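S.K.: Okay, here's the prediction I keep looking at, along with the sequence it came from:
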Amino acid sequence: MTSTHPSMPRAIAPPRAPMTERRRETIATVVVVTGLVILMEVLSRFVPDYVMPSPGTVLKAAREIFFSDTSHVFITLARLTAAVAASMLLGLMLGLVMGMKPKLRPYLRSLVVIDTGIPALSWMLIAVFWFRDPEVRIFFILCVIIIPFYALNIYDGIRALPKELIDMIESFRPSRWHVMRYLIIPHIVPYVFLTTKSVIGYAIRMVVFAELVASAAGIGSRMNLAQSTFRIDQVFAWTFFLVALNIVLQVAISAIEKVALKWRPEVSVR
Amino acid sequence: MIQDIAMIKSAAQAAHPPSVRLHQVYKAFGGKTVVDDLSIDVAHGEIVALLGRTGAGKSTVLNLVLGTLTPDSGTVRVAGLDPNANFLGLRGKLAVSFQTDRLLPWRTAVENVELGLLILGRSKEEARATALSWLERVKLGDAADKYAHELSGGMRQRVSLARALAVDPEIVLLDESFSQLDHVTSRALRADFHRIAREFSKTCLLVTHRIEDALDMADRVLVLGAPARIQLELTLTDGQRRDEQLRARLHDEIAAALGGEEHPTDPG
């Protein structure tokens, strides 16, 4: 005969399926967004409209922007894409040279480290002096800010290349191109994705900032216009678009990463 | 019988120059002698085991043959070439199977086997067909599309062996290739490799610290002392390999030459 512990329920319910990490994150995001909307609504009732507009007013402004200023969103997106792509390419090349050319490494590394120390604002002001064309200004500003992230991460990736794999591929007597194609490039792909995911939010902030300073088109310039015409509802609406843009880009990069790095086993840490 | 084999081997050696030759090789690191006046000839199609305890300089010998190290004095020739000075000249003639599988994690099993073939300049289609046939030979035909993390340790090591053999090298270097596997897997893999090496007349230099590896596979066992210098040389036929009493005697003889210390062996 078996005895039952007093604290034990008589009928044990079947264990519930554990909530997936993704679902938990989605629920948390919905909760936080709902909380912020409620907070906005409450605050808008106690302060003037030009300090905190109601969510309804922001939604109306968002609808207005969506239909009238779509071209500005695409301009910003195009600038962002061009600058991130160019920075990725140049950063990749710099990182590869740093990783594979020991004699050049200290010079390039110093250059990159100095660049990381220069404030974004300094580059913006310098760009205004150096370049007349607003497109060149924005492209330059974004590149000098983003390139060091790629260069340093790629360099770290090359340093993390297991010696065992280098010895293995060397045993087949490969050319430099073979080593690059079959070992180094595939090895650094995860670092490229990691860097892109890390910089994309920062790059969005920087492109908007650069547009605010140096251009008459794009989300930054529209936000500047909204501010000068006291349209805080539009400022909030643009902010909402920027947050959404960041989320969409992060999801898109993650989806591409999942396909490109399908060889990586899914691991979880207890 | 051993005399007959010696005669056959002499005839074979006369027809082919040694596939691997180390002549009076000396190598030191920081004043410490690691290889001392070592001379080894490995004939075409011969399987030679270099057996020694940790620190005996086995890996240094292997790296000298690979050409990643140069001797301080003496000469090293692989397929008649200096492996360091003719690094690219040995492409396709020499392949290595390492202690760990060293598979590229982003490539499937078949893509890993293709690697050496693509470096040799084979077309994608030819490399794929050859790689698949080698995976069949190592009994992994149905695992061709699996990534390294989806394979067991033994399967990964089989892929690694297939990758080395797929380039059809004249010489295969085995660097403790079976020592990280469990006894059953290790023994099965040794048997498979031995069969394939015989079938394709591969010259093999096996570096190991396990007596069983050497007794299961080698035509000749060279026991190295420290620094690397031949302490004992034994020849072994496939018939003798199956004689348990003789194996036990040779095992004891080798263990004694290794210094009488306990060495990891494969009782299986």
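M.R.: In hand now; what should we look at?

S.K.: residues contacting residue 137?
M.R.: In the absence of a named chain, this looks at chain A. A:127, A:128, A:130, A:131, A:210, A:214, A:215 (C-beta atoms under 8 Å, 6 or more residues apart in numbering or on different chains). (Glycine included, C-beta is placed from N, CA and C.)

S.K.: that's the other chain; I wanted chain B
M.R.: Applying C-beta under 8 Å, 6+ apart to residue B:137 gives the contacts B:162, B:165, B:196.

S.K.: rewinding a little: as TSV, the contacts of residue A:137 with distance to residue B:32, secondary structure and pLDDT would be great.
M.R.: Formatted as TSV, the contacts of residue A:137 follow (distance: C-beta to C-beta, whole Å; DSSP: H, G, I helix; E, B strand; the rest coil; pLDDT from 0 to 100):
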residue	distance to residue B:32	secondary structure	pLDDT
A:127	59	helix	91
A:128	64	helix	88
A:130	59	helix	94
A:131	62	coil	92
A:210	61	helix	88
A:214	64	helix	80
A:215	67	coil	81
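
S.K.: Show me which of the residues you listed are buried.
M.R.: The neighbour-count criterion (16 or more other C-beta atoms under 10 Å in any protein chain shown) marks A:127, A:131, A:210, A:214, A:215 among those as buried.

S.K.: With respect to chain B, which of those is nearest?
M.R.: Nearest to chain B out of these is residue A:210 (C-beta to the nearest C-beta; 36.3 Å).

S.K.: residues near the residue nearest to residue A:215 when sequence neighbours are not counted, how many?
M.R.: Leaving aside its chain neighbours, residue A:215 sits nearest to residue A:134 (4.2 Å; criterion: C-beta to C-beta, 6 or more residues apart in numbering or on different chains). Per other C-beta atoms under 10 Å in any protein chain shown, the neighbour tally for residue A:134 reads 20.

S.K.: In helices only, show me the contacts of residue B:137.
M.R.: Among the contacts of residue B:137, the residues falling in helices (DSSP state H) are B:162, B:165, B:196.

S.K.: Can you tell me which residues in chain B are near chain A?
M.R.: Within chain B, the positions adjacent to chain A are B:66, B:68, B:87-88, B:90-92, B:94-96, B:98, B:100, B:102, B:104-108, B:115-116, B:118-120, B:147, B:149, B:167, B:173 by C-beta under 8 Å from any C-beta of the partner chain.

S.K.: Can I have the buried ones of those as a ChimeraX selection?
M.R.: This is the ChimeraX syntax for the buried subset of the residues of chain B next to chain A, where burial follows 16+ other C-beta under 10 Å:
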select /B:66,90,91,92,94,95,96,98,100,102,104,105,106,107,108,115,116,118,119,120,147,167,173
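
S.K.: In strands only, show me the residues of chain B next to chain A.
M.R.: Applying DSSP state E to the residues of chain B next to chain A, the entries found in strands are B:94, B:95, B:96, B:173.

S.K.: List the beta-bridge partners for the second one.
M.R.: Right, residue B:95. In this structure, residue B:95 bridges to residue B:172 when assessed by DSSP bridges.

S.K.: Hmm, residue B:164 and it touching each other?
M.R.: Yes. The criterion here is C-beta atoms under 8 Å, and residue B:95 meets it with residue B:164 at 4.0 Å.

S.K.: Overlap of the contact sets of the two?
M.R.: Joint contacts of residue B:95 and residue B:164 (C-beta under 8 Å, 6+ apart) are B:116, B:172.

S.K.: sorry, back to before: can I get the contacts of residue B:137 in a markdown table with pLDDT and neighbour count?
M.R.: Output for the contacts of residue B:137, formatted as a markdown table (pLDDT from 0 to 100; neighbours: other C-beta atoms under 10 Å in any protein chain shown):
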| residue | pLDDT | neighbour count |
| --- | --- | --- |
| B:162 | 92 | 26 |
| B:165 | 91 | 22 |
| B:196 | 86 | 17 |
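
S.K.: A strand includes residue B:76, no?
M.R.: Yes. Assessed with DSSP: H, G, I helix; E, B strand; the rest coil, residue B:76 lies in a strand.

S.K.: could you measure it against residue B:39, distance?
M.R.: 11 Å (C-beta to C-beta, to the nearest Å).

S.K.: who's more crowded, these two?
M.R.: residue B:76 (25 against 13).

S.K.: Please look at that one and residue B:21 and confirm they touch.
M.R.: Yes. Using C-beta under 8 Å, residue B:76 is in contact with residue B:21, at 7.3 Å.

S.K.: sorry, back to before: who touches both of residue B:76 and residue B:39?
M.R.: Common neighbours of residue B:76 and residue B:39 (C-beta under 8 Å, 6+ apart) are B:22, B:23, B:25.

S.K.: Okay, helices next: where are they in the chain?
M.R.: In the absence of a named chain, chain A is used. With helices called from DSSP H, chain A shows them at A:21-44, A:55-68, A:70-100, A:105-117, A:120-130, A:134-159, A:163-170, A:176-179, A:185-214, A:219-228, A:232-260.

S.K.: meant chain B actually
M.R.: B:2-15, B:58-66, B:109-119, B:124-137, B:153-166, B:183-199, B:211-217, B:238-241, B:244-257.
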